[in-house]
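> Give me a model of this one.
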Amino acid sequence: MSLVVIADPKLPQPLRRQIEAIRQQHDPDFKRVPAHFTLVFPSRTVDEAALTAHVRIVVEKTARIRFCLRTALLVKDLLTEVFHVYLVPEEGFSALVRLHDQLYTGPLSGSLRLELPFIPHITVGAFRDGVSGKKLADELNSQGLEMAGELDTISVFRFDDGALTLLDEINL
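Residues are numbered from 1 along each chain as shown. Presented below is the predicted three-dimensional model:
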């Protein structure tokens, strides 16, 4: 069992459908959870109640975050042999980094993996072959990405045997 904190992007339905269609074709995990920004990666070291209370304190002091996804980026997973294609926000990038940094204080301060850079993103593809991932990223970038949305809630989930259970949802 681990705990994870994510933000569900509020997007116009045509953009949401477009992202989910890309994920359905290229991301084997697309059925597990809809497109999202991960703010706290799965952690087994934090107490559920302590994490939920901490996230609530941080998030209630945070304003809604407007973002615009403008770049598809190929990133090699440092822990596995998988290459991911991320949709990365141009607007909202620094606000998401600051929120991530605030979340990794208090009970999460010992869980931050400094060797793994935090890039705010929505994952749309996972590939064992980097060339295939690069092809998708190039294709998306050639379309002139401009997917604007907003984050207005942050959710804390328990992740257990492949299933997500919502523990708390906090408004920004």
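
> can you give me the helices in the chain?
For the chain, helices defined by DSSP state H occupy the ranges 13-26, 48-60, 93-103, 130-142.

> residues contacting the residue nearest to V75 when sequence neighbours are not counted?
Closest residue to V75 apart from its sequence neighbours, by CB to CB, 6 or more residues apart in numbering: H84 at 5.1 Å. Quick note: C-beta positions are derived from backbone N, CA and C, even for glycine. Residues near H84 by CB atoms under 8 Å, 6 or more residues apart in numbering: L74, V75, K76, D77, T123, G125, A126, F127, G133.

> gap between H84 and D152?
Taking CB to CB, to the nearest Å as the measure, H84 falls 25 Å from D152.

> okay, the helices of the chain in JSON lines with distance to R158 and mean neighbour count next?
Below are the helices of the chain laid out as JSON lines (distance: least, CB to CB, whole Å; neighbours: other CB atoms under 10 Å):
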{"stretch": "helix 13-26", "distance to R158": "23", "mean neighbour count": "15"}
{"stretch": "helix 48-60", "distance to R158": "7", "mean neighbour count": "17"}
{"stretch": "helix 93-103", "distance to R158": "17", "mean neighbour count": "17"}
{"stretch": "helix 130-142", "distance to R158": "30", "mean neighbour count": "15"}
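
> wait, which of those helices is closest to R70?
Nearest to R70 among the helices of the chain is helix 130-142; the distance by CB to CB comes to 8.9 Å.

> Can you list the helices and strands that the closest one packs against?
Judged by 3 or more CB pairs under 8 Å, 6 or more residues apart in numbering; DSSP states H and E, helix 130-142 is in contact with helix 13-26, strand 65-76, strand 83-91, strand 122-127.

> if we can go back for a sec, pick the one among the contacts of H84 closest to V4.
Nearest to V4 among the contacts of H84: T123, at 13.3 Å, using CB to CB.

> From what I see, P28 and A126 are in contact.
Yes: P28 is in contact with A126 according to CB atoms under 8 Å; the separation is 6.0 Å.

> Who has more neighbours out of the two?
Neighbour tally, P28 and A126, criterion other CB atoms under 10 Å: the higher count belongs to A126, 18 against 12.
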